[in-house]
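Q: One predicted model, sequence on top.
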Amino acid sequence: MVQNIPKDFILGAASSAWQTEGWVGKKETQDSFLDSWFKNESFVWHEGRGPDVATNFYEKYPEDIAHMKEIGLTHYRTSINWSRFFIDYEKGIVDEEYADHIDRVIDELFNAGIEPMLCLEHYEVPTYLMDKYGGWASKKVVELFVDYAQIAFDRYGDRVKQWFTFNEPIVIQTRVYLDAIRWPHEQNTKKWMQWNHHKVLATAKVVQVFHEGGYEGRIGVVLNPEVTYPRSSSPADKKAAEIYDLFFNRVYLDPLVKGSYPSELVQLLEHHQIMFDHTEEELEIIRQNPVDFLGINLYFPKRLKAPRYEWNKDTPFHPEMYYENFELPGRRMNKSRGWEIYPELMFDMAMRIKDEYHNIPWLITENGMGIEGEERFQDDNGQVQDDYRIDFIRMHLNQLLKAVEAGSSCEGYMLWAFTDCVSPMNAFKNRYGLVRIELDDERTRSLKKSGEWYKQIIQERILK
Ligand code: IFM
């Protein structure tokens, strides 16, 4: 297999503010949801590690960007930490110290020949807004987010041309209000849908502000739709996959790309009395303001089958009423993460966007392999010999490049993550980076074998 990588095809890497920065310089009043969760339930975080130190990117960013330059990344995506960006969220008073840090990171990236992409919220909803307004359950928070976006565009839009509103907007409320497996353990399916709607609405409003403000560049959203595969050709299994797709994929894809929620979803929401509160004016704003492009985070396939048992009517509604997960016998697994490895999903997602979402421009904004105990693979010089990661990236890129040949508008691939970083709960258990982070006080960095390999494919533009 030898494939040419198109000249302009993005080969980058991603991370987020809260998973790298650490709390140096953070004020007590600037906690995000993640910070508060970590403070309240640090025992569920692997080895008690979390966002407090993370990789100390706040101080070490010049070293990381030097590594990015060495590898030759074309683009780097991170987020602005909304909870740290303001001293007063309601009056929009910016924390100048933090805002300057973002300025310095942007400039350092450009000096290294790397284009930054910025996301406005990668789970970093401010705790203050959770406590005062119930977070994204509130329309007030939608307004405050739009104001924040405009301040960020005004401040950084002279240099940053590629923006995202959210990273994986469905995740927090799914784990918290739908599955109720995370702090603060409130089950509330209607609230889950209300958060979804408000993030869709907030995205549409931010798109409107961006376009009407005449900012240069483009604005999109990073979604994590799963490629769904029914267990079999039976109508029951297919229906299970379709309903999963409605609740977890099309709930964002359809309004943000096509301008409206799928009618089948609306019917189900009404039937189960979890329709979100909305106005006609809000639906019109969504209709008028689709995103310019999409970021897609894609790691594993979602296999589904019809449920075997009747739903327990005494439990709150959960879409799981309509499906069960299916484990494909013989599937290839990343055992550290419990995720199936199925590179074909790249091609399948690309064809879906081409056929069903008018081939809107998009790129892979996350894909990668988290491995536990990577120190096992360090050679005598301490370099991680992560051939498994190289194989993983190679297989996924291969499928993506095939899709480009088949007419997909996919513009690139960004690995999760550039350096090892903190994950929710798993903290540093699974390592994802091209650059290893030691958990010493210095958070010492070292390039893995995959970093050298990535450098080579970026230079040669050939995938072998
Ligand atoms: O760490 C996360 C990231 O924040 C969102 N996407 C999945 C990654 C790996 O679990």
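A: Arrived safely. All values reported here derive from a predicted model rather than from experimental measurement.

Q: Who is the residue of the chain found nearest the ligand paired with across the strands?
A: Using Cβ to the nearest ligand atom, Ser423 is the residue of the chain that sits closest to the ligand, at 4.3 Å. (Each C-beta comes from the backbone N, C-alpha and C, glycine too.) Note on Ser423: beta-bridge partners by DSSP bridges are Ala427.

Q: any idea what the residue sitting furthest away from the middle of the chain is structurally, helix, strand or coil?
A: No residue in the chain sits farther from the centre than Asp380, which is 35.1 Å out by Cα atoms, centre = their mean. Under DSSP: H, G, I helix; E, B strand; the rest coil, the three-state class of Asp380 is coil.

Q: tell me the pLDDT at it?
A: The per-residue pLDDT reported for Asp380 equals 97.

Q: What distance do you get for it to Phe164?
A: Distance, Asp380 to Phe164, using Cβ to Cβ, to the nearest Å: 41 Å.

Q: Distance-wise, check the nearest residue to Arg308 once chain neighbours are set aside relative to Val384.
A: By the measure of Cβ to Cβ, 6 or more residues apart in numbering, the closest residue to Arg308 outside its immediate chain neighbours is Glu324, 6.5 Å from it. Using Cβ to Cβ, Glu324 is found at 37 Å from Val384.

Q: Dihedrals phi and psi, the residue farthest from the centre of the chain?
A: phi -60, psi -30 (degrees, to the nearest 10).

Q: I figured Pro126 hits Ser83, correct?
A: Yes. Counting by Cβ atoms under 8 Å, Pro126 touches Ser83, with 4.0 Å between them.

Q: list residues touching both of the two?
A: The contact sets of Pro126 and Ser83 overlap at 30-32 (Cβ atoms under 8 Å, 6 or more residues apart in numbering).

Q: Which one of those sits in the busiest neighbourhood?
A: Within the shared contacts of Pro126 and Ser83, neighbour counts (other Cβ atoms under 10 Å) peak at Ser32, which reaches 26 neighbours.

Q: Let me see the confidence value for Arg337.
A: For Arg337, the pLDDT comes out at 87.

Q: Need the three-state assignment for it.
A: In three-state terms, and counting by three-state DSSP, Arg337 is coil.

Q: Could you measure from it over to Tyr413?
A: In this view, Arg337 and Tyr413 are 19 Å apart by Cβ to Cβ.

Q: With neighbour numbers in mind, choose between these two.
A: Set Arg337 next to Tyr413 and count neighbours by other Cβ under 10 Å: Tyr413 wins out with 23 against 20.

Q: is it true that the more buried one lies in a helix?
A: No. Judged by three-state DSSP, Tyr413 forms no part of a helix; its state is strand.

Q: residues touching the nearest residue to it once chain neighbours are set aside, list them.
A: Leaving aside its chain neighbours, Tyr413 sits nearest to Ile364 (4.7 Å; criterion: Cβ to Cβ, 6+ apart). Contacts for Ile364 (Cβ under 8 Å, 6+ apart) come out as 295-298, 346, 396, 400, 410, 412-414.

Q: repeat for Val222
A: Residues in contact with Val222, defined by Cβ under 8 Å, 6+ apart, are 119, 164, 166-168, 294-297, 365-366.

Q: and with 6 Å instead?
A: Applying Cβ atoms under 6 Å, 6 or more residues apart in numbering, we find Val222 in contact with 164, 167, 295, 365.

Q: What distance do you get for it to Pro184?
A: Counting by Cβ to Cβ, the gap between Val222 and Pro184 amounts to 25 Å.

Q: Then Leu345?
A: 33 Å.

Q: For these two, indicate the residue with more neighbours.
A: The residue with more neighbours, out of Leu345 and Pro184, is Leu345; 22 against 13, by other Cβ under 10 Å.

Q: So for that one, what's the pLDDT?
A: So, for Leu345, pLDDT stands at 98.

Q: ok, now the one 4 residues further on?
A: We have a pLDDT of 98 for Met349.

Q: what does the host helix or strand of it contact?
A: Taking DSSP states H and E as the definition, Met349 sits inside helix 344-356. Outside helix 344-356, the residues within contact range by Cβ under 6 Å, 6+ apart are 227, 298, 301, 362, 396, 399-400, 402-403, 408, 410.

Q: Using TSV, lay out those residues together with neighbour count.
A: Listed next are those as TSV, based on neighbours: other Cβ atoms under 10 Å:
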residue	neighbour count
Val227	22
Leu298	22
Pro301	21
Trp362	24
His396	25
Gln399	17
Leu400	26
Lys402	17
Ala403	20
Ser408	21
Cys410	25
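
Q: Strands - which of those land there?
A: Among those, the members falling in strands are 362, 410 (criterion: DSSP state E).

Q: mind putting the contacts of helix 344-356 in a markdown table, distance to Ser138 included?
A: Below are those laid out as a markdown table (distance: Cβ to Cβ, whole Å):
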| residue | distance to Ser138 |
| --- | --- |
| Val227 | 33 |
| Leu298 | 31 |
| Pro301 | 35 |
| Trp362 | 30 |
| His396 | 38 |
| Gln399 | 41 |
| Leu400 | 39 |
| Lys402 | 44 |
| Ala403 | 40 |
| Ser408 | 38 |
| Cys410 | 36 |
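
Q: wait, is Leu294 part of a strand?
A: Yes. According to three-state DSSP, Leu294 belongs to a strand.

Q: measure it to Arg352 for me?
A: For Leu294, the distance to Arg352 (Cβ to Cβ) stands at 12 Å.

Q: which of the contacts of Val222 has the most neighbours?
A: Highest neighbour count within these: Thr365, with 30 neighbours (other Cβ under 10 Å).

Q: And the pLDDT at it?
A: Looking at Thr365, its pLDDT is 98.

Q: cool, and Asp100?
A: Turning to Asp100, the model gives it a pLDDT of 98.

Q: what's the answer for the one 10 residues further on, then?
A: Confidence at Phe110, expressed as pLDDT, is 98.
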